[in-house]
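> return a 3D structure for these sequence lines:
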Amino acid sequence: MTTVLPEAFANSIDNFLTHALAEQGLATHSIAAYRRDLGDFAGFVASRGAPSPATVTRAAITVYLISLRRRGRAAATVKRRTAAIRSFYRYLLREEAVGSDPTLDLSPSKLPRRLPRVLTLAEVEQLLAAPDPSTPEGTRDRAMLELMYASGLRVSETVGLALSDIDLAHEVVRCVGKGNKERVVPVGTQAVRALRVYLAKVRPRLVRARPTQALFVSRLGRPLTRQGCWKLIRRHARRAGITRPVTPHMLRHSFATHLLERGADLRAVQEMLGHASLSMTQIYTHLTRQRLRDVYSHAHPRDSMKIPLRGKPSSQGKTQLQR
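Residues are numbered from 1 along each chain as shown. Down below sits the predicted model:
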């Protein structure tokens with residue numbers, strides 16, 4: 001059931017989202033997320049006696065954030081909604097729609113640093129081999145999975161690709177990421193080969209008479225959606241025998257982690273991922289350090305064995321360290 005917001009809230013949210021779309025170049029799904037988050041917040045405070053943004057107090061916002069935790073919302077959700085409310089009130093203050101900013105000095109919820117989930121090399125190989133190349137959909141899926149792992153593209157960037165964004169001769173792909181920022185990313189030989197087969201033999205059959213510039217299309221010839229991409233990745237992961245849930249973003253995480261494990265420059269990986277700051281990319285170094293630690297613990301003789309204390313006799317009457 002959709003909550004009907006007071007007119008002052010509804011108009012203010014609409015104006016803010018129009019501004020965010022026009023001035024900040026936010027993607028459509030980001031705007032939709034803002035609308036959901038601010039709608040939930042506005043509905044909460046309005047039900048407790050605040051009919052407009054100007055009547056909301058800092059205490060009311062704090063109570064709302066506490067209620068999110070009590071409702072079992074993830075820390076990431078609380079942090080995202082905190083950021084949305086702060087952006088909303090900064091905009092209203094600039095527009096002089098409110099006299100003060102109730103989010104000023106509001107302490108953002110602390111988000112535990114959670115390492116991204118990645119696939120092992122063996123799992124990646126299993127996933128990429130799962131689509132059936134004897135079918136049009138299997139050939140398409142193989143090309144898409146190869147491209148996502150080869151370039152680290154987000155799912156929205158992948159399904160948003162047009163034919164003109166792919167340069168197979170130079171083995172690069174051009175994509176538009178968050179904040180409407182454009183970047184050019186290298187594409188590996190295996191992905192280029194899979195894309196050539198898809199473009200030559202399958203895509204024309206899928207598109208038929210439907211004019212579209214979308215690179216990846218459904219069996220009905222329409223542009224593939226984000227939801228469609230999620231579903232086919234889950235299906236191929238199950239077919240590959242991968243028991244844990246696999247998401248499109250895991251391919252992106254795996255791309256970055258596997259590059260860094262093989263000595264790639266951190267700033268180069270940042271540029272390929274389209275991260276705004278290096279700190280966003282540095283989380284992958286935690287994964288590589290942990291993996292190095294695991295290798296060390298398994299392989300180093302003084303870390304992988306339980307060494308007896310000096311002077312404690314072994315079964316041969318000598319200490320292990322005296323040998």
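
> kindly export stretch 95-108 (C-alpha atoms) in PDB.
Provided in PDB are the C-alpha atoms of stretch 95-108 (Å, rounded to 0.1, in the frame of the first residue of the first chain):
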ATOM      1  CA  GLU A  95      16.400  27.000  -2.400                       C
ATOM      2  CA  GLU A  96      15.400  28.800   0.800                       C
ATOM      3  CA  ALA A  97      12.500  26.400   1.300                       C
ATOM      4  CA  VAL A  98      13.600  25.800   4.900                       C
ATOM      5  CA  GLY A  99      15.100  28.200   7.400                       C
ATOM      6  CA  SER A 100      17.700  25.800   8.800                       C
ATOM      7  CA  ASP A 101      19.200  22.400   8.100                       C
ATOM      8  CA  PRO A 102      18.100  19.800  10.700                       C
ATOM      9  CA  THR A 103      20.700  17.400   9.400                       C
ATOM     10  CA  LEU A 104      23.600  19.700  10.200                       C
ATOM     11  CA  ASP A 105      26.200  17.800  12.300                       C
ATOM     12  CA  LEU A 106      24.000  14.700  12.100                       C
ATOM     13  CA  SER A 107      26.400  11.900  12.700                       C
ATOM     14  CA  PRO A 108      26.200   9.400   9.800                       C
END
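
> can you point out the buried residues in that stretch?
Neighbour-count burial for stretch 95-108 flags 97-98, 101-103, 106 (criterion: 16 or more other C-beta atoms under 10 Å). (Glycine included, C-beta is placed from N, CA and C.)

> what's it in contact with?
12, 15, 53-54, 56-58, 60-62, 79, 82-83, 85-86, 89-90, 92-93 (C-beta atoms under 8 Å, 6 or more residues apart in numbering).

> distance of the closest residue to Gly25 other than its chain neighbours relative to Arg94?
The shortest distance from Gly25 to any non-neighbouring residue, by C-beta to C-beta, 6 or more residues apart in numbering, is to Asn180 (3.5 Å). According to C-beta to C-beta, to the nearest Å, Asn180 stands 21 Å off from Arg94.

> and the helices in the stretch 1-150 of the chain?
For the stretch 1-150 of the chain, the helices defined by DSSP state H, counting those that start in this stretch occupy 7-23, 28-46, 58-70, 75-94, 121-129, 136-151.

> so which of the ones you listed is the most packed in?
Comparing those by mean neighbour count (mean count of other C-beta atoms under 10 Å), helix 136-151 ranks first with a mean of 23.

> who are the packing partners of whichever helix or strand comes after that one?
Downstream of helix 136-151, the first helix or strand assigned by DSSP states H and E is helix 155-159. On a contact count with 3 or more C-beta pairs under 8 Å, 6 or more residues apart in numbering; DSSP states H and E, helix 155-159 meets helix 136-151, helix 226-239, helix 248-261.

> phi and psi next, for Gly263.
Backbone torsions of Gly263, given as degrees, to the nearest 10, read phi 90, psi 10.

> hmm, back to that, closest to Ala129 out of the helices and strands packed on helix 155-159?
For these, the distance to Ala129 is smallest for helix 136-151, at 8.3 Å, taking C-beta to C-beta.
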